[in-house]
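Chemist: Okay, predicted coordinates and the sequence, questions at the end:
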Amino acid sequence: MKFWLIVPAAGIGSRMQADRPKQYLQVAGKTILEHTLGVFLDHPYLQRIVLPLAAHDRWWPQSALAGHPLVVTVTGGRERADSVVAGLQALPALGAGPDDWVLVHDAARPLLQHDDLQLLLDSLQDDPVGGLLACPARDTLKLADGQGRSLRTLPREQIWHALTPQMFRLQALGDALAKALHEGVAVTDEASAMEHLGHAPRLVSGRSDNIKVTRPEDLQMLLMATHKVRD
Ligand code: C5P
């Protein structure tokens, strides 16, 4: 079963307070983005990777993977969803058909494991909608009043954390994102656009350490994990 991959990498990562976008920080000899792409590059069913980058990105050309034959760069957009749309628009010219599977995976999630990627592909290959890696909430969850006080406790059994990759068919995802963006719906992941159209994406239970590197303290966890897993 072939699949295409979009890795939105056009963010600036301001919460990281670093001298460069977080996907270009070096961890264990590689950038975060290189760790992220590495999980996919040897997959036998991967067709191409489309990499939406910021308009004036000056870091990617220095990457060891710049010029890799499987990677095609495009210019991303203002929000993550705009970058994903730019990636989707590039796919037909590369040979993708409307019913082909497209995976979208954050550039800042370098700890995805091969097992989880394969689980997602195997779980969804015959699914009518598609879905995403996700993990059930562990902590007790509070609804806050905006002033630092807890109003009530949410039912944890129904709450999952959305992770990536998320996997949908090219045409269906393009249509869903276009409608959601047009209607001003908050689209922080692909599944939210599909939900807005009335679909119920399948939740595939993945590892909770597939974190999105966001804050400085995440780098320490990443460093420990890359030593343990990849070396
Ligand atoms: O900022 P955040 O961590 O939510 O971004 C998630 C992913 O989306 C990152 O890989 C980031 O580079 C990407 N992104 C993008 N285009 C934007 C904003 C974020 O490709 N305009």
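Modeler: Received the coordinates, thanks.

Chemist: So which elements touch the worst-scoring helix or strand of the chain on mean pLDDT?
Modeler: The weakest-scoring helix or strand in the chain, judged by mean pLDDT, DSSP states H and E, is helix 216-229 (a mean of 81). Helix 216-229 makes packing contacts with strand 26-27 when contacts are defined by 3 or more C-beta pairs under 8 Å, 6 or more residues apart in numbering; DSSP states H and E. No exception for glycine: its C-beta is placed from N, CA and C like everyone else's.

Chemist: The strand it packs on: what's the following helix or strand?
Modeler: Heading C-terminal from strand 26-27, the first helix or strand you meet, by DSSP states H and E, is strand 30-31.

Chemist: Residues contacting that next one, please?
Modeler: With contact meaning C-beta atoms under 8 Å, 6 or more residues apart in numbering, strand 30-31 is reached by 23-25, 38, 59, 63-64.

Chemist: Run through those residues and flag the ones next to the ligand.
Modeler: Intersecting these with the contacts of the ligand gives Gln23 (criterion: C-beta under 6 Å from any ligand atom).

Chemist: Selecting buried members of the contacts of strand 30-31 in PyMOL, what would you type?
Modeler: Buried subset of those, written as a PyMOL selection, criterion 16 or more other C-beta atoms under 10 Å:
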select buried, resi 23+24+25+59+63
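
Chemist: just the contacts of strand 30-31 now: which is nearest the ligand?
Modeler: Gln23 (5.6 Å; C-beta to the nearest ligand atom).

Chemist: how close does the closest one sit to Pro201?
Modeler: 25 Å (C-beta to C-beta, to the nearest Å).

Chemist: Enumerate the residues of this protein near the ligand.
Modeler: 8-11, 23, 52, 76-80, 83, 106-108, 212, 214.

Chemist: Any chance of a ChimeraX selection covering the buried ones in the residues you listed?
Modeler: Selecting only the buried entries of those in ChimeraX, with 16+ other C-beta under 10 Å as the criterion:
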select :8,9,10,11,23,52,76,77,79,80,83,106,107,108
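
Chemist: who touches the helix or strand hosting Asp115?
Modeler: Using DSSP H and E, Asp115 sits in helix 114-124. With C-beta under 8 Å, 6+ apart as the contact definition, helix 114-124 has outside contacts at 1, 3, 39-40, 43, 45, 101, 103, 130-133, 165, 167, 202, 204, 206-207, 210.

Chemist: what about 7 Å?
Modeler: Helix 114-124 has contacts (C-beta atoms under 7 Å, 6 or more residues apart in numbering) with 1, 3, 39, 130-131, 133, 165, 167, 202, 204, 206-207, 210.

Chemist: ok, these vs the ligand, which is closest?
Modeler: Closest approach between the contacts of helix 114-124 and the ligand, by C-beta to the nearest ligand atom: Pro165, at 12.0 Å.

Chemist: Checking the closest one next. Helix, strand or coil?
Modeler: Secondary structure, DSSP: H, G, I helix; E, B strand; the rest coil: Pro165 is strand.

Chemist: where does it land on pLDDT?
Modeler: At Pro165, the model reports a pLDDT of 98.

Chemist: Next, count neighbours for it.
Modeler: 29 (other C-beta atoms under 10 Å).

Chemist: Then Leu46?
Modeler: 16.
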